[in-house]
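1. Build me a model:
(2 chains)
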Amino acid sequence: MFSLKRILSVVKKEIKELLRDRISLITVFAVPLSMMLVFGYGLKLEIKHVPLGVLDFSKSYLSREVVSKLTSNGEYFYVKRYFSSEKELDRALTFGEVRGALVFPFNFEKDFKKGHTAFQLLVDGTFPYRAEVIKSYVNAIVSLENLKIAERRGVELPVSIEPRYWFNESLNQDYVVAVGTLAVVLAIAPAVFSALLIVKEKESGSIYNVYVSSIGKFEYLTGKLLSGLIVSIFNLAVLLSILLFLFQVPLKGSLLLLVLSSLMFIAVSTAFGLLLSVFFSSQAAAFIGTVILTVVPSILYTGYLTPISSMGREALIVSHLIPTFYYMRLLKNIYFKAAPFSYLVQDLLTLLAFFTLLFGLNYLLFKKRER
Amino acid sequence: MRPVECENLRITYRKGKTVAVDGLSFTVDSGDIYIFIGPDGAGKSSTFKAVCGVLRYDSGRLLTFGVDPNDDRAFEPVKEKISFMPQGLGQNLYKRLSVEENVNFFADLYGIYGEERERRKELLLKTTGLWEFRDRPAGKLSGGMMQKLSLCCILIHKPELIVLDEPTTGVDPVSRREIWRLLYSFNREGQTVLLSTSYMDEAERGTELLLMKSGKSIVSGSYDEVVSTTSPVFVVTGKEIYRVYRELWKITNTPRLKGDTVRVVVPQSKLSDFRALQERLGFSAEPVDPELEDLFVERVGLRRVELPPLFKPAVSVPEEAVVVDRVVKKFGSFTAVNGVSFRVKRGEIFGLLGPNGAGKTTLIKTILGLYRPTSGRILVAGKPVGRGVKKLIGYTSQKFSLYHDLTVFENLIYWGNVYGVPRDAVKLTVSQVAPIFELDRFLNRLVSELPLGIKQRVALLSALLHSPPILFLDEPTSGVDPVERDVFWQVIRELSKEFGVTVLVTTHYMDEAEYCDRVLLMNRGKAVALGAPRHLKEELRETLGDAYLIYTDSPFETEEFLKERGFKTALFGRKVKIYSKEPVTESLLRELGVLFRALKPSRITMEDVFVFRVLENV
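-> Okay, here's the model as predicted:
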């Protein structure tokens, strides 16, 4: 029914036009690259180097010992300033000079010798995530000290934990973010590129050539889809290289499976963009529409920044409607868990279903006329 | 089977709120060159799109090669037989692809490959003179060349019907004649042509024409048939021409004051009144052949506009109101204006004529001080352009200086304030002028809802609020029908002749030159000719001789034949226009052995002037 030659001529034309247009070239190739670099380098979720204030009324050996334990490895906390009054400390917290403070009461050491003592931890709660992390760090360090003290006092503790992190042994948040970024970039970039493919012809008027010629809808749409795919495959190669060689995130699973699922996902994302291109009539609208419809869900609902399990019921349902969610899961399973093919099949099939649905909609909704 | 049959066609937009085509009927026969003429928004484009199956029509009966274009499936095979060129210069081209790649892509679209494609491509590109430019990107071609390339592209699959939406708009007259020549040669090979234009003077180039306004057909038929239905037309000359003009309005609503002549259509019933007036005022009236514009004007009727004296400028300007001296304006390596000089006298209507891209707008903006000239000297009201001068200037830009989300009245108040006219003064002016401009109905309407002609009137009025002594108008009549255009020119005329306002106006309609005292013809940044329209035509008549139209069944052969005999010629549909210093008579033609049906005297037009002056300078 259709002619491969016609499809290829659409592809050829698209690629030629792209290669001769400097601005398009930059947007198509440099934007995904810079997104990857910016998110990969800039998006640090770990809380480190928190400036602390110390208000020590006890001026004791023990209080100095606590401060030194908290700041000794230099990675999480450092003492920004010692205060002599509550008023000063109050000011410093208010103006964000320090993000937390340790307040040792007058009887801190005396009480310890009697058996039990306490100090106050003040945390700037304006950014709850950070506050939570500060609290748990301090908690962990103090607990560790408590254990040692208990041991010295000869108390036997019934249960102790020996934690070991799997899949991301060094518990490196950067790795997770970098891999997630690949998913987000591949959700956005191919969609944006293909969203302009048809709409730009509508804007320039060359769409009439298609409307009045005998080229079929399937041929035209497939040609557009393929040109989007070619561009995105090139981008995929670049992004994967960045992940593997620049960020040096170790790949545990098979590269073949990684590429296969990425190709599936690119096809979905390209078909989605194309669908928007069928729908919109100006490049500006198509661009903004695509960005909103891809960026927001990909970042919020796919487990990129917050784990899916911590989402509410509604959010969880939304997640399952977004293809990026499945790709994100595939990526993490392949990348960190080296999951076997049989384990991935379901998600791969889901992506295939998404693609079929989206391309089918393209075919149904694209009319070879103005209205 | 007829290429197009259409009965009672109706097309609406916005769910029926805007009616684009309202009960249109026409038939295109095989071999026709069928021309749709009408102003912007008449419904030409919508009709064409419906014919090609690109736009769904609402009701009526429409068949293209016997198939209903609304029927998606059935119509798909018909698309092999037609091609469509959308409106706008090079709209359907891929600007980054080369000339040849564009043609190849179109061939691919229609599934034409191999040797057939190469043969056809070479033929088309050679006929259009684009063969040498086949490696040049389409975006770097001139407007005329782009249109020719578009033609090549849509002709690659040998369609039986080609539908062209304003293929000559904005194209310079020389390229325009080339495009027409191409159309004739394709038509000769049996292709049916359906095309639209907003130029009245292109009417006689087709075999059939249909004059459209507001979605309806005003008249249709062959040019001669159509035009012959017009009442007698006279060109009136004499002393006190303005008084004659005013008196003529009492008899008919068709007089048009063009330079120092009045062109008027006089219905049979009014002929005696006309003769009586002639007796009384002692003017001379020469009967002339009617043109399409005369017909349009008679059918639709003109409207008289008289301005109150409140636009009389308070400030007077020197005798040489605008001086432009060897002005050059370059943008990078591109020279938009190339050494143009002229002087506009106080109270003069000075026209800048030329196709799109000739440099008219750049020149006006340079005079206004919006661009700094690369070299040359400009004086406005005797001074270099600066703050002081700007109060003396009124300006309407090509794209209108109006805010679409404000009402007409709000726009006028706004522009009044910009020029320092107090709110109350603007209100007073508007209340007096609105009825004259027929704007009273529209004062509280949003500008975005208004038809083009009304917008143009508002834009003009907004530039007049501070009664400037010098007025710059950039393409004020573009896309407007002859009746609206005349209203416009009446205002200009009155401002200039009664109140001494100096007017500098640009247009790409060659026939509008007649309304100007003097014109400067521009092409590709250069001045081609300068002078009073009558003189320019007279000058050309002295070099070329008189013009004649030869009606013939074999226009190509006849033209070739006459050219070989040393005549200057041009093709006009199935007619050949020739220019000769020796009188051309039927017996002379017979002597020469020319096959013809009829011979009529014709006239030298501004387009002739443009074409021959440009070709001279090449």
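2. Now the top helix by length along chain A: average pLDDT?
-> Scanning chain A for the longest helix, with DSSP state H as the assignment, gives helix A:173-204. For helix A:173-204, mean pLDDT is 89.
3. So which elements touch it?
-> Counting contacts by 3 or more C-beta pairs under 8 Å, 6 or more residues apart in numbering or on different chains; DSSP states H and E, helix A:173-204 packs against helix A:31-42, helix A:207-212, helix A:217-241, helix A:255-279, helix A:283-300, helix A:323-337. Backbone N, C-alpha and C define where each C-beta goes, glycine included.
4. Between the ones you listed, which one is closest to A:Gly180.
-> Closest to A:Gly180 of the helices and strands packed on helix A:173-204 is helix A:323-337 (C-beta to C-beta; 6.3 Å).
5. Quick one: residues contacting the residue nearest to B:Pro355 when sequence neighbours are not counted.
-> Spatial nearest neighbour of B:Pro355, chain neighbours left out: B:Asp172 (3.6 Å); criterion: C-beta to C-beta, 6 or more residues apart in numbering or on different chains. Going by C-beta atoms under 8 Å, 6 or more residues apart in numbering or on different chains, B:Asp172 touches B:Gly143, B:Gly144, B:Gly354, B:Pro355, B:Ala358, B:Asn523, B:Phe610, B:Val614.
6. now with 10 Å?
-> For B:Asp172, the contacting residues are B:142-144, B:178, B:354-358, B:508, B:522-524, B:528, B:610-611, B:614, by C-beta atoms under 10 Å, 6 or more residues apart in numbering or on different chains.
7. And it, its phi and psi?
-> B:Asp172 adopts backbone torsions of phi -70, psi 150, taken as degrees, to the nearest 10.
8. ok, it to chain A distance?
-> Distance of B:Asp172 to chain A, given as C-beta to the nearest C-beta, to the nearest Å: 21 Å.
9. The helices and strands packed on helix A:173-204 into CSV, with extra columns for mean neighbour count, distance to chain B and mean pLDDT?
-> What follows is the helices and strands packed on helix A:173-204, written out as CSV (neighbours: other C-beta atoms under 10 Å in any protein chain shown; distance: least, C-beta to the nearest C-beta, whole Å; pLDDT from 0 to 100):
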stretch, mean neighbour count, distance to chain B, mean pLDDT
helix A:31-42, 16, 20, 85
helix A:207-212, 24, 4, 91
helix A:217-241, 20, 9, 95
helix A:255-279, 23, 16, 95
helix A:283-300, 17, 15, 90
helix A:323-337, 24, 31, 91
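10. Return the per-residue confidence for the residue of the stretch 451-600 of chain B found nearest chain A.
-> Residue of the stretch 451-600 of chain B nearest chain A, by C-beta to the nearest C-beta: B:Gly479 (17.5 Å). pLDDT recorded at B:Gly479 is 74.
11. and what of B:Phe612?
-> If you check B:Phe612, the pLDDT there is 89.
12. Return the per-residue confidence for the residue nearest to B:Pro355.
-> Note on B:Asp172: pLDDT of 80.
13. mind putting the helices and strands packed on helix A:173-204 in JSON lines, distance to B:Asn70 included?
-> Below are these laid out as JSON lines (distance: least, C-beta to C-beta, whole Å):
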{"stretch": "helix A:31-42", "distance to B:Asn70": "42"}
{"stretch": "helix A:207-212", "distance to B:Asn70": "14"}
{"stretch": "helix A:217-241", "distance to B:Asn70": "17"}
{"stretch": "helix A:255-279", "distance to B:Asn70": "20"}
{"stretch": "helix A:283-300", "distance to B:Asn70": "28"}
{"stretch": "helix A:323-337", "distance to B:Asn70": "37"}
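14. which one is B:Gly545 nearest to, not counting chain neighbours?
-> That would be B:Lys581: by C-beta to C-beta, 6+ apart, it lies 3.5 Å from B:Gly545.
15. B:Arg603 versus the one you found, what's the distance?
-> According to C-beta to C-beta, to the nearest Å, B:Lys581 stands 15 Å off from B:Arg603.
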